[in-house]
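# I'd like to go over a predicted model; first the sequence, then the structure.
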Amino acid sequence: MHPEYAKSYPARNSSGARHAAVIPSDSTDLPVRPRALYVGTGGDLALRDAAGVVAIRRNVAAGTEIAFEAVRVMATGTTASDILAIW
């Protein structure tokens, strides 16, 4: 890959170049689809995927980075906090 493109387009397995705080919501999608979610304070994480399916990841430890392109972090079922979207 040409070095200029390597700077502009991170690889799919990279951790990302930007981040933003996530406010869980049952009605609002994330403004961007993240590469991963970072959990600052542990707990359960209810994630909605592109197909509209919600699954709860139980007992996510503080400091965990989950590689998942969530469409929405649901308020119902999420007990974790200090969540960051990374893209």
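Alright, I've got the coordinates. Numbers count the residues shown, from 1 in each chain.
# what residues are bridge-paired with the most centrally placed residue in the chain?
What sits nearest the mean C-alpha location of the chain, by CA atoms, centre = their mean, is Leu37, with 2.8 Å. Taking DSSP bridges, one obtains Ile66, Ala85 as the residues bridged to Leu37.
# please look at it and Ala80 and confirm they touch.
No: assessed by CB atoms under 8 Å, Leu37 is found out of contact with Ala80, at 9.1 Å. All C-beta spots, glycine's among them, are computed from the backbone N, C-alpha and C.
# list residues touching both of the two?
Common contacts of Leu37 and Ala80, defined by CB atoms under 8 Å, 6 or more residues apart in numbering, comprise Leu45.
# ok, and for stretch 44-63, which residues are buried?
Within stretch 44-63, the residues scored as buried using 16 or more other CB atoms under 10 Å are 45-48, 57, 60.
# which two among these are spaced furthest apart?
With distance counted by CB to CB, no two of the buried residues of stretch 44-63 lie farther apart than Arg48 and Val60, which are 15.8 Å apart.
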